[in-house]
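> Next input, structure requested:
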Amino acid sequence: MTSLFLVTSAIYTSYGKFSTEERIEQTKETIKSIETYAPDSKIVLLDAGDKSVYIDFGVELINYNQNSIIIEPLNNYLKNSRDLEPDIIIKSMLEIIMFKDYLKSHSLQNYSRIFKLSGRYKLNSKFNYSKHLEAKNKVLILPPYTTQHLYNFNVASSMFLYMTRCWSFDSSLADDITKTYSKMKEDIIKISQTKKQGDIEHLLYKHLNKKLVNHIDVMGVEGYWAPRGKWIQE
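This next block holds a predicted model:
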């Protein structure tokens with residue numbers, strides 16, 4: 001069986017540091033890196049930008065921008081929030097919602113491994129594809145980090161977070177991951193209705209069953225981290 005890479009993106013967005021042209025080129029590099037380091041994998045691009053994408057990336061593309069599951073919570077947030085930096089919670093909320101929707105509405109049983117990879121980042125030569133395939137019935141992710149700034153959650157907060165640029169899980173865990181994302185979705189929508197903040201990294205750590213997790217010291221992913229203005233390698 002082959003693997004499935006779910007690449008999350010927002011090609012056209014008001015909440016980012018890069019131009020549309022830069023995002024397009026970065027996404028092409030993301031796809032190229034998968035084809036290089038995880039050959040024969042199926043790639044699906046999940047986009048939740050401001051408008052639909054009509055670009056041929058050579059992979060399956062699903063536009064979520066007109067989907068009511070995203071439009072309603074986003075409009076409610078934009079209407080009621082006073083957050084001066086809305087990009088953090090908006091990016092997390094949209095990614096959580098569309099990722100959960102894909103997992104719930106698509107059968108994953110024909111894939112051996114499911115990867116989540118953030119668009120604009122790319123795999124590099126340190127990516128150990130075999131290590132992921134060998135992690136049967138497990139999630140493979142970087143070890144948790146201690147939070148640098150504990151958000152003022154209106155739900156139980158976490159002192160730790162998972163870096164979510166790239167991670168994977170065995171297809172046998174599809175139901176577990178879907179349930180995890182359902183809880184994350186519930187939390188992020190609750191948070192969005194307050195003046196408080198939250199993100200996908202803290203919520204994944206909070207809700208993911210740690211018994212299902214194996215850690216890997218080096219993920220083999222790199223890219224330009226816009227909030228910190230620097231190139232990172234994990």
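
> Identify the residues contacting Phe160.
Contacts for Phe160 (Cβ atoms under 8 Å, 6 or more residues apart in numbering) come out as Pro144, Tyr145, Thr146, Thr147, His202, Tyr205. C-beta: built from backbone N, CA, C; applies to glycine.

> hmm, 6 Å instead?
Pro144, Tyr205 (Cβ atoms under 6 Å, 6 or more residues apart in numbering).

> That one bridge partners, please.
According to DSSP bridges, the residues that bridge with Phe160 are Thr146.

> Could you report the distance from it to Lys210?
10 Å (Cβ to Cβ, to the nearest Å).

> and what of Tyr111?
Between Tyr111 and Lys210 the computed distance is 24 Å (Cβ to Cβ).

> what's the answer for Gln233, then?
From Gln233 over to Lys210 the distance is 26 Å, taken as Cβ to Cβ.

> Of the two, which one has the most company?
More crowded of Gln233 and Lys210, by other Cβ atoms under 10 Å: Gln233, with 12 against 8.

> which residues sit in contact with the more buried one?
Glu222.

> Check Ala135 too.
Applying Cβ under 6 Å, 6+ apart to Ala135 gives the contacts Asn214.

> before we move on, what SS does it have?
Assigned by DSSP: H, G, I helix; E, B strand; the rest coil, the conformation of Ala135 is coil.

> Pull the number of nearby residues for the nearest residue to Tyr77 once chain neighbours are set aside.
Closest residue in space to Tyr77, ignoring its immediate chain neighbours: Ser192 at 4.3 Å, by Cβ to Cβ, 6 or more residues apart in numbering. Neighbour count of Ser192, defined by other Cβ under 10 Å: 23.

> Tell me the pLDDT of Ser192.
Ser192 carries a pLDDT score of 81 in this model.

> Distance check, it against Ser9.
Taken as Cβ to Cβ, the span from Ser192 to Ser9 is 21 Å.

> Assumed Ser14 was part of a helix.
No: Ser14 sits outside any helix when classified using three-state DSSP, being coil.

> Next, the contact list for the residue lying closest to it once chain neighbours are set aside, please.
Once flanking residues are discounted, Ser14 sits nearest to Asp50: 6.0 Å by Cβ to Cβ, 6+ apart. By Cβ under 6 Å, 6+ apart, Asp50 lies in contact with Tyr12, Thr13, Ser14.

> Spatially, and excluding backbone neighbours, which residue is closest to the second one.
It refers to Thr13. Closest to Thr13 by Cβ to Cβ, 6+ apart is Gly49, at 4.8 Å.

> my guess is Ile232 meets Trp225, correct?
Yes: if you go by Cβ atoms under 6 Å, Ile232 and Trp225 touch, sitting 4.7 Å apart.

> okay, and the helix or strand of this structure with the least pLDDT?
Using mean pLDDT, DSSP states H and E, the weakest-scoring helix or strand in the chain turns out to be helix 68-80, at a mean of 79.

> Which strands and helices lie in contact with that one?
For helix 68-80, the elements it packs on are helix 87-105, judged by 3 or more Cβ pairs under 6 Å, 6 or more residues apart in numbering; DSSP states H and E.

> Sketch out the low-pLDDT regions of this structure for me.
Residue ranges of the chain with pLDDT under 70: 81-86, 149-157, 227-229.

> And the strands in it?
Assigned by DSSP state E, the strands in the chain fall at 2-9, 42-47, 60-63, 111-118, 122-123, 139-141, 145-146, 160-161, 166-170, 213-215, 221-225, 230-233.

> Now do the second one against strand 111-118, angle only.
What it means is strand 42-47. 30 degrees (axes from the mean of the first three to the mean of the last three Cα atoms, to 10 degrees).
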